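Engineer: whatever this is, show me its structure:
(chains A, B and C)
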Amino acid sequence: MTFQLDATLAARGFDVSLRLGPAETIAILGPNGAGKSTLFAIIAGLLRPETGRAQLGDKVLFDLAADKNLWRAPHTRGTALLAQEALLFPHLTALDNVAFGPRSAGASSAEARATAMHWLTEVDAGDLASRRPGQLSGGQAQRVAVARALAADPDLLLLDEPMAALDIHAAPLLRRLLKRVLAGRRAIIITHDILDALMLADRVIVLEDGRISEAGPTRDVLERPRSRFAAGLAGLNLVAGTVGDAGITTADGMVVAGHHDDTLGPGQDGVAVFPPAAVSVFLTEEHGSPRNSFRVTITDLEPHGDQIRVHAGGLSADITPSASADLGLTPGMTVYFVIKAAAIAIYPA
Amino acid sequence: MNRVNGTGYTGIPSWIYAVAAAGALFVLLPLVAMVAKVNWPEFIPLITSESSLTALGLSLRTSAASTTLCIVLGVPLALVLARSPFRGQRLLRAFVLLPLVLPPVVGGIALLYTFGRQGLLGRSLELAGIQIAFSTTAVVLAQAFVALPFLVVSLEGALRTAGNKYEAVAATLGARPSTVLRRVTIPLVLPGLASGAVLSFARSLGEFGATLTFAGSLQGVTRTLPLEIYLQRETDADAAVALSLLLVAVAVAVVGLSYRRPGSATSERAAQ
Amino acid sequence: MTVRRRQLAALLAVGALTAGVAGCASGSPGASAGSAAESSAAESSAAAGAGGTAKPAGSITVFAAASLKATFTRLAGDFEAKNPGAKITLNFAGSSDLVTQITQGAPADVFASADTKNMAKLSGANLVDGTPSNFATNVLEIAVPPSNPASISSFADLAKSGVKVVVCAPQVPCGAATDTVEKATGTTLAPVSEESSVADVLGKVTAGEADAGLVYVTDVNTAGDKVKGIPFAESDKAVNTYPIATVGTSKNKDLARAFIAAVTGSEGKKVLSDAGFGTP
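Structural biologist: Residues are numbered from 1 along each chain as shown, chains lettered A, B, ... in the order given. Below is the predicted model of the structure:
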């Protein structure tokens, strides 16, 4: 009872294959324009890919192979879409909104309302039943939207950045709610927030430029990222290159030495990952250990927690504010980033 | 654009008021001049005469019927023009809006060539025993022909503004296209549909040229209020003016009470 | 400019505009005919038959009933040919419309009406110079499509059930005549439409929509092949007499009278009777 999808859309450079188990939730991460919403539109039946096939359980959603050309209309797919905007029907009450799915499926008015009330209570919005969408706050509307999507009893739930439009008070509430209701359901959630991925998703897929650049269980991806984007999300520095004796060698010839898995052989593609906290900043070339000393130009300084994060040359370093003041760091300065090899993990790309 | 009511900022230069006043005068003065010519002592007898009441009743009935026809034909047309891009759409829109620029008399002639005894469809209809010329049906057709563009334009605008994101959500919740139309699309553009219908009704009420050429003029059958005024003009100027005032009053009542700025209500809702 | 000055300027502009429009409206109706300059030069005697050496000259506007279109166009052309200094502008419409236009100030020098009632309206408004002269009569005739689908041969046939007959509404001259004939013959018609102008009646017959229509003899003649005319005996029970007169506000009464003389004179009589008009 899996969900599987293969689809390409050359016009957007989109080429994705993925599989989902019966009660799995996966998170899709990726920069803007990566194709995340395209993916959802294809799954829901709102966008037609050029080639591909998708199957949900034993229901074929579409099959565009040469001789078949099968395309299920959106309303028969069993995929419910929840977007950033709640998009509650403005002319119906919250209860009627939630009852929309069951009514469309053929339930009587009374049955649909009962189901709706059940789901509204599930999302802690029971007292909002008779309100109109115009009278709800952003967080309340999103909760009702979740209830509406669930009331339609979908086989696959698609959540497109559901927390994005919520303020910092409403987001955690919704996150907890989703954790509860997604248990045992098949869902895909698009998010920019790794907290969503960590709390809600079993697996994570990183989508960049229409293609999957990385996929795997959440913790693995976030602790040992293999793509720049995932590393950025996880707050880690990542350098990619070819594995050699000394460490990895980047395309520019830079050599990064670190500890690596024994499984790694020379010539393989590998990545070197290290946290910003492991980076030291010097004004001059360090006389001590010459390894992992890189000359970079500062592009940016930003406060990060109680530290200052120095962005330079695509890498980040966390130093204390007083150290930054002592060094007199400003954007445009040339400094040296030095990292202890012991703090650098190298593993296959 | 947000306009703050009362003593807030309106964003229009003050000389605009003078020009707007001139514009308002331009429309109101002829009405005032007409009201001044009304023979008030004779007014009630004139507008309650048998021919006047018959004409008024006929006008209201046929306008209501033609508005219904406009809704039945106009809603699908507006939906297709607003939501379903296809080649030749611009051309279709241009043709649908044609009755707006066509002199109504020309519209009447065209309808005659279609539904008249010798007309394109008229010949077959005549054989089937259906005679349209000189009937009240002809009046309704003439009115619907000239009033349809108003409804289509008004509704198409509202549909475009509303977009189709709600329809997409409804579909993913399992609603069939017909259900989506009934429960989501139409309710969301109801204000635009209502304004369009009111405009169509008003246009139907005032329709003259096409009715005269296509339907003829017979009391109780095809002589609507405008045609009655045209006839009374020949002999009884007082009656013509009195009936004109009656027509204006009915039109103002209908339009004034029910016409809302199209899209204003939907945009309020969507913004919530 | 300050706000106040701007508003004042705008109000003044509106005021000037309104005054200008009012001024135009009250301006002399004859001015547009352009006859003012030329009429002073016109010295001709009124009677065309006088054979005086000074030919009538200048420019006049003739308001004539729609049924006089063909004949008056011919007569005006002939007149202009005989009197090179004269220019005649023609305006054809329903007689009642023409009376309204003249009373509201439209520039007219001659008025030829399709019935005496409308001329009387103009006299009543003190806009007729002298007494009108009757110059033609017209009677009704039945017009049918060339194939005569309903086999009409008499006035009584028009009342047969199933016949689609179109007539003028009683409020217009040809309709009044129809009414008179109905009363005189005792036959009541059940028309499918009562039009406001005889041209509309004819139009419905030529379009094939009506089986028959009641129009003037002259209209049948003008329509030529498009309709077949069926004269009926009772038509002489309702004769429309056409009067012609000089309009009181004319700026070139001499030329106007000269034209009227041409219409009522021998050439006019010939042209009118060729077209089917009768003599009063």
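Engineer: and the spatially most central residue of chain B, what is it in contact with?
Structural biologist: Nearest residue to the geometric centre of chain B (C-alpha atoms, centre = their mean): B:Ser200, 1.5 Å. B:Ser200 sits next to B:Ser66, B:Thr67, B:Cys70, B:Ile71, B:Gly74, B:Ala147, B:Leu148, B:Phe150, B:Leu151 when contact means C-beta atoms under 8 Å, 6 or more residues apart in numbering or on different chains. Quick note: C-beta positions are derived from backbone N, CA and C, even for glycine.
Engineer: tabulate these (a markdown table), appending distance to chain C, neighbour count and secondary structure.
Structural biologist: Converted to a markdown table, those look like this (distance: C-beta to the nearest C-beta, whole Å; neighbours: other C-beta atoms under 10 Å in any protein chain shown; DSSP: H, G, I helix; E, B strand; the rest coil):
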| residue | distance to chain C | neighbour count | secondary structure |
| --- | --- | --- | --- |
| B:Ser66 | 19 | 26 | helix |
| B:Thr67 | 24 | 28 | helix |
| B:Cys70 | 25 | 28 | helix |
| B:Ile71 | 29 | 17 | helix |
| B:Gly74 | 28 | 27 | helix |
| B:Ala147 | 22 | 29 | helix |
| B:Leu148 | 24 | 27 | helix |
| B:Phe150 | 27 | 25 | helix |
| B:Leu151 | 29 | 29 | helix |
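Engineer: C:Asp78: which of those residues is nearest?
Structural biologist: Nearest to C:Asp78 among the contacts of B:Ser200 is B:Ala147, at 48.7 Å by C-beta to C-beta.
Engineer: count the residues that sit near the residue lying closest to A:Pro49 once chain neighbours are set aside.
Structural biologist: Among residues not flanking A:Pro49 along the chain, A:Ala7 sits closest, at 4.0 Å (C-beta to C-beta, 6 or more residues apart in numbering or on different chains). By the criterion of other C-beta atoms under 10 Å in any protein chain shown, A:Ala7 has 23 neighbours.
Engineer: quote the end-to-end distance of stretch C:271-280.
Structural biologist: End-to-end span of stretch C:271-280 (C-alpha to C-alpha, to the nearest Å): 15 Å.
Engineer: hang on, I meant stretch B:95-109
Structural biologist: 17 Å.
Engineer: pull the residues that contact it.
Structural biologist: B:77, B:81, B:110, B:142, B:145-146, B:148-150, B:152-153, B:207-215.
Engineer: for chain C, what's the nearest residue on the stretch 51-200 of chain A?
Structural biologist: A:Gly134 (38.9 Å; C-beta to the nearest C-beta).
Engineer: how distant is the helix or strand hosting C:Val166 from the center of its chain?
Structural biologist: Element membership for C:Val166, per DSSP states H and E: strand C:165-168. Distance of strand C:165-168 from the chain centroid (C-alpha atoms, centre = their mean, to the nearest Å) equals 20 Å.
Engineer: from the contact counts, what lies against it?
Structural biologist: helix C:173-185, strand C:193-195, helix C:198-206, strand C:212-216 (3 or more C-beta pairs under 8 Å, 6 or more residues apart in numbering or on different chains; DSSP states H and E).
Engineer: now render these as JSON lines, adding mean pLDDT and mean neighbour count.
Structural biologist: Shown next, in JSON lines, are the helices and strands packed on strand C:165-168 (pLDDT from 0 to 100; neighbours: other C-beta atoms under 10 Å in any protein chain shown):
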{"stretch": "helix C:173-185", "mean pLDDT": "90", "mean neighbour count": "20"}
{"stretch": "strand C:193-195", "mean pLDDT": "92", "mean neighbour count": "26"}
{"stretch": "helix C:198-206", "mean pLDDT": "89", "mean neighbour count": "23"}
{"stretch": "strand C:212-216", "mean pLDDT": "92", "mean neighbour count": "29"}
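Engineer: now tabulate these in TSV and tack on distance to A:Ile189.
Structural biologist: TSV is the format used below for the helices and strands packed on strand C:165-168 (distance: least, C-beta to C-beta, whole Å):
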stretch	distance to A:Ile189
helix C:173-185	81
strand C:193-195	72
helix C:198-206	72
strand C:212-216	79
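Engineer: ok, how many other residues are close to the nearest residue to A:Ser104 once chain neighbours are set aside?
Structural biologist: Excluding its sequence neighbours, the residue lying closest to A:Ser104 (C-beta to C-beta, 6+ apart) is B:Ala175, at 3.9 Å. By other C-beta under 10 Å, the residues close to B:Ala175 number 24.
Engineer: which ones are touching B:Ala175?
Structural biologist: By C-beta under 8 Å, 6+ apart, the residues touching B:Ala175 are A:His75, A:Phe100, A:Ser104, B:Arg183, B:Val184.
Engineer: and the residue of the stretch 101-250 of chain C that's closest to chain B?
Structural biologist: Closest residue of the stretch 101-250 of chain C to chain B, C-beta to the nearest C-beta: C:Ser193 (2.9 Å).
Engineer: that residue: what's it in contact with?
Structural biologist: The contact partners of C:Ser193, by C-beta under 8 Å, 6+ apart, come to B:Phe134, B:Ala215, B:Gly216, B:Ser217, B:Leu218, B:Thr222, C:Val166, C:Val167, C:Lys204, C:Ala210.
Engineer: the closest residue to A:Ala312 other than its chain neighbours: neighbouring residues, count only.
Structural biologist: In this structure, A:Ala312 finds its nearest non-sequential neighbour in A:Val296, 4.0 Å apart by C-beta to C-beta, 6+ apart. Using other C-beta under 10 Å, A:Val296 has 18 other residues around it.
Engineer: name the helix or strand for A:Val296, please.
Structural biologist: Assessed by DSSP H and E, A:Val296 sits inside strand A:293-304.
Engineer: next structured bit after that strand?
Structural biologist: strand A:307-312.
Engineer: measure how that following strand sits relative to strand A:293-304, angle-wise.
Structural biologist: 130 degrees (axes from the mean of the first three to the mean of the last three C-alpha atoms, to 10 degrees).
Engineer: point out where the stretch 151-272 of chain B drops to low pLDDT.
Structural biologist: B:259-272 (pLDDT under 70).
Engineer: residue in it nearest to chain C?
Structural biologist: Closest residue of the stretch 151-272 of chain B to chain C, C-beta to the nearest C-beta: B:Gly216 (2.9 Å).
Engineer: now that residue: closest residue in space, sequence neighbours ignored.
Structural biologist: C:Ser193 (2.9 Å).
Engineer: from C:Gly213, how far off is the one you found?
Structural biologist: Distance check for C:Ser193 against C:Gly213: by C-beta to C-beta, to the nearest Å, it reads 9 Å.
Engineer: find the residues that touch each one of these two.
Structural biologist: Applying C-beta under 8 Å, 6+ apart, one finds that C:Ser193 and C:Gly213 are jointly contacted by C:Val166, C:Val167, C:Lys204.
Engineer: and the contacts of C:Ser193, which of them are in strands?
Structural biologist: C:Val166, C:Val167 (DSSP state E).
Engineer: of the contacts of C:Ser193, which pair is most distant in space?
Structural biologist: B:Ala215 and C:Val167 (15.7 Å).
Engineer: those two: who's more crowded?
Structural biologist: Shown here are B:Ala215 and C:Val167; by other C-beta under 10 Å, B:Ala215 has more neighbours (31 against 27).
Engineer: how close does the more buried one get to chain A?
Structural biologist: Distance, B:Ala215 to chain A, using C-beta to the nearest C-beta, to the nearest Å: 40 Å.
Engineer: what's the answer for B:Leu60, then?
Structural biologist: Following C-beta to the nearest C-beta, the distance that separates B:Leu60 from chain A is 31 Å.
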